[in-house]
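*Asks:* Provide a 3D model corresponding to the input given below.
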Amino acid sequence: MQKYLLVLILAITTQITFAQYRPLPMQNAEWIYWGGINLLSCPTCTFVNYKYYTDGDTIINSNTYVKIKKTEIPAINDISIYPTYTGAIRQDTLNKKIYIVLTDSTTERILYDFSLQIGDTINSVLHDLANNIASCGVETIYLIDSILISGNYHKAFYIQGGCGDMSLSFIEGIGSSYGLIFPNVFGQVESHLSCTKVNGQTYYPSNTSSCNLTTSINSLDNTFAVNIFPNPTTGELNIKIVPSTHSSVSVIIINTLGEIMFKEKINSTGNKLDISSLPKGLYFIKLNSGENTIIKKIIKQ
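*Replies:* Numbering: from 1, shown residues only. Take a look at the predicted model:
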């Protein structure tokens, strides 16, 4: 009887832990990024290593917001392409929503909505920013899961359709896998969240991770970005990995039934895969290099 009671208590505790909303840090928080314009086609062109950070309160339309600013490492960039002040955010913890007023506006927009359910449409300024760069279709939530970050479970909302891809997620208390404020357009304007600090301590991806602005491209060896083209394809896939320091990358292609249809080891200097023998349809391609994993959708025509 005691055994079953213990199991019941653990189950209830786990459900409470998973259900607890994790608010976004609004004071003394930093989001460290790396990325760039046309990063994958030109790794040294307008390469960006930078951070967003909270910088005190401001009043807009009688509401209190937290100012978000940004700094860059000039040694990497030819020019600075972003303003220092990038917007102001406020948080509605009860309704699990985060709002933003961008620098060129006084209108409040939804930045993140963590009350969404599977199948719901993304209604975020991030989608609109991406749509200004590349015509995006509708983006929806296809999976909601929980991930462990520094001992706490955070809900992760995975997106499909439009400009999103299988590696993009919105994360409670963090922002998104692309960062706090950045359009999610892979391959055109690209951003990757390396880590998050709160009160000077690394929180994401774990409290044991280093979290500092890098001073050279060589410092980015632990990051992992992949561009796959053409997509859709009639048979040939080009895979480009940044940075090209990963000696071996495993590639697995899975169909919608979860069956492995293709498996191969590649290097990161430039690869072409022949998948002409696969039937037409939607597939998921999984690339793994050590602790780094990226999953993307591909379409075989």
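
*Asks:* Where does pLDDT dip in the stretch 1-150 of the chain?
*Replies:* Scanning the stretch 1-150 of the chain for pLDDT under 70 picks out 1-19, 34-49, 73-83, 130-136.

*Asks:* cool, the stretch 151-300 of the chain as well?
*Replies:* 162-168, 182-191, 209-210, 213-225, 242-247, 256-258, 268-270, 290-293.

*Asks:* In it, what residue spans correspond to strands?
*Replies:* 152-160, 169-171, 175-176, 189-198, 201-204, 225-229, 236-242, 249-255, 260-266, 271-274, 281-289, 292-300 (DSSP state E, counting those that start in this stretch).

*Asks:* strand partners of the third one, parallel vs antiparallel please.
*Replies:* The sheet places strand 175-176 alongside strand 169-171 (antiparallel), with pairing taken from DSSP bridges.

*Asks:* Pretty sure Thr84 sits against Lys67.
*Replies:* No. Using CB atoms under 8 Å, Thr84 is not in contact with Lys67, being 10.2 Å away. Any C-beta I mention is one placed from the backbone N, CA and C, and that applies to glycine too.

*Asks:* Compare those two (neighbour count), which wins?
*Replies:* Neighbours of Thr84 and Lys67, each counted by other CB atoms under 10 Å, are more numerous for Lys67; the result is 16 against 11.

*Asks:* Turn the strands of the stretch 151-300 of the chain into CSV, including distance to Leu94.
*Replies:* Below are the strands of the stretch 151-300 of the chain laid out as CSV (distance: least, CB to CB, whole Å):
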stretch, distance to Leu94
strand 152-160, 16
strand 169-171, 18
strand 175-176, 19
strand 189-198, 21
strand 201-204, 23
strand 225-229, 36
strand 236-242, 41
strand 249-255, 39
strand 260-266, 44
strand 271-274, 48
strand 281-289, 36
strand 292-300, 33
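
*Asks:* now, of the ones you listed, which is deepest in the fold?
*Replies:* The highest mean neighbour count among these, using mean count of other CB atoms under 10 Å, belongs to strand 175-176: a mean of 24.

*Asks:* Help me confirm that Pro25 is found in a strand?
*Replies:* No. Using DSSP: H, G, I helix; E, B strand; the rest coil, the secondary structure at Pro25 is coil, not a strand.

*Asks:* what separates it from Gly179, distance-wise?
*Replies:* According to CB to CB, to the nearest Å, Pro25 stands 14 Å off from Gly179.

*Asks:* The two - which one has more neighbours?
*Replies:* Gly179 (24 against 20).

*Asks:* So which residues of this protein form helices?
*Replies:* When assigned using DSSP state H, the helices of the chain occupy the ranges 2-19, 125-133.

*Asks:* Now do the closest residue to Arg109 other than its chain neighbours: how many residues are near it, please.
*Replies:* Distances taken as CB to CB, 6 or more residues apart in numbering place Val125 nearest to Arg109, at 4.1 Å, with adjacent residues excluded. If you count neighbours by other CB under 10 Å, Val125 ends up with 21.

*Asks:* got a list of what Val125 touches?
*Replies:* Counting by CB atoms under 8 Å, 6 or more residues apart in numbering, Val125 touches Ile100, Leu102, Arg109, Ile110, Leu111.

*Asks:* what about the spatially closest residue to the last one that is not a sequence neighbour, distance to Leu116?
*Replies:* Right, Leu111. In space, and not counting its chain neighbours, Leu111 is closest to Ile100: 4.1 Å by CB to CB, 6+ apart. As judged by CB to CB, Ile100 and Leu116 stand 17 Å apart.
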